[in-house]
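Asks: output the structure for:
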Amino acid sequence: KFETTGPGKTDEELETAIRQVIDKALVTDKVIDVFDAAGIKKPDISILSEEFLLEVKGMKHKNIAMEVLKKLLNDEIKSRAKTNLVQSKALLEMLEKAILKYHNKIITAAEFIEELINIGKNVQQMDKEPAEMNMSTFEYAFYTAVANNKSARELMQKEKLRELAIVLYEKVKQNASIDWTIKESVKAKLKVIVKRTLRQYGYPPDMQKLATETVLKQAELIANELTKEE
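Replies: The predicted structure follows:
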């Protein structure tokens, strides 16, 4: 449960405290700073869990609920941007779209909170998928890269895309070298390998160029992981 700490705070004091932390990003980007500043006791449950989202939805101070959710989602997107290119971009687009609608007064504060909560639920589902598909975090990142267009999903189906992603991850890992992201010869070789593998698995021809670029961008994102010794 959310609880206030110390003497009661007015709405203005709460909002000021929250905004100071969010706008100036004091000390760290950690969620705990936001809760402390708002005088809210952080619950001992995983961030963005179902229980947590319901708790935020029921908060009395809607302005604080909005800022807390925005902060949490921003942190989640930043974290995901280090490992999963496609997912972090998708979440960022969802968040920016919701913020724009709220700023343009297309939706109310309550509707905005609902949209933020739905984005949080999307995060929950994204977190479950790697385990459900029996894939590592990095294999799954390659899966999102090749599953990022409708024609590939319809033509190849989930299982074949999963197999393709695992093969691509292994091939890129085998052929990546230290500092490969700045070695044009290695990048060119990897590009050929990715293109050939997509073709072998029957990836839609008209989408192969874009998929190759996405896979290579995803590979660059986790370049250090790819060259790590087993």
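
Asks: domain map for the chain?
Replies: If you go by automatic domain parsing, the domain ranges for the chain are 11-132, 137-226.

Asks: now render the ones you listed as CSV, adding mean neighbour count and mean pLDDT.
Replies: (Each C-beta comes from the backbone N, C-alpha and C, glycine too.) Output for the domains of the chain, formatted as CSV (neighbours: other Cβ atoms under 10 Å; pLDDT from 0 to 100):
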stretch, mean neighbour count, mean pLDDT
domain 11-132, 16, 74
domain 137-226, 17, 93
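
Asks: what about residue 215, helix or strand, and which?
Replies: Following DSSP states H and E, one finds residue 215 within helix 208-221.

Asks: one more: residue 89?
Replies: Element membership for residue 89, per DSSP H and E: helix 85-103.

Asks: ok, then the element right after that helix?
Replies: Proceeding N to C from helix 85-103, the next assigned helix or strand is helix 109-132, under DSSP H and E.

Asks: now do that next one against helix 85-103, angle only.
Replies: 170 degrees (axes from the mean of the first three to the mean of the last three Cα atoms, to 10 degrees).

Asks: alpha carbons only: can I get helix 109-132 in PDB?
Replies: What follows is helix 109-132, C-alpha atoms only, in PDB (Å, rounded to 0.1, in the frame of the first residue of the first chain):
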ATOM      1  CA  ALA A 109      -6.100  13.100 -16.500                       C
ATOM      2  CA  ALA A 110      -7.900   9.900 -15.600                       C
ATOM      3  CA  GLU A 111      -7.800   8.600 -19.200                       C
ATOM      4  CA  PHE A 112      -4.100   9.600 -19.300                       C
ATOM      5  CA  ILE A 113      -3.400   7.500 -16.200                       C
ATOM      6  CA  GLU A 114      -5.300   4.600 -17.800                       C
ATOM      7  CA  GLU A 115      -3.100   4.800 -20.900                       C
ATOM      8  CA  LEU A 116       0.000   4.900 -18.800                       C
ATOM      9  CA  ILE A 117      -1.200   1.800 -16.900                       C
ATOM     10  CA  ASN A 118      -1.900   0.000 -20.200                       C
ATOM     11  CA  ILE A 119       1.700   0.800 -21.300                       C
ATOM     12  CA  GLY A 120       2.800  -0.700 -18.000                       C
ATOM     13  CA  LYS A 121       0.800  -3.800 -18.800                       C
ATOM     14  CA  ASN A 122       2.500  -4.000 -22.200                       C
ATOM     15  CA  VAL A 123       5.900  -4.000 -20.300                       C
ATOM     16  CA  GLN A 124       4.700  -6.900 -18.100                       C
ATOM     17  CA  GLN A 125       3.800  -8.900 -21.200                       C
ATOM     18  CA  MET A 126       7.100  -8.100 -22.900                       C
ATOM     19  CA  ASP A 127       8.900  -9.300 -19.800                       C
ATOM     20  CA  LYS A 128       7.100 -12.700 -19.800                       C
ATOM     21  CA  GLU A 129       7.700 -13.500 -23.500                       C
ATOM     22  CA  PRO A 130      11.400 -14.600 -23.500                       C
ATOM     23  CA  ALA A 131      10.700 -17.300 -20.800                       C
ATOM     24  CA  GLU A 132       7.400 -18.300 -22.500                       C
END
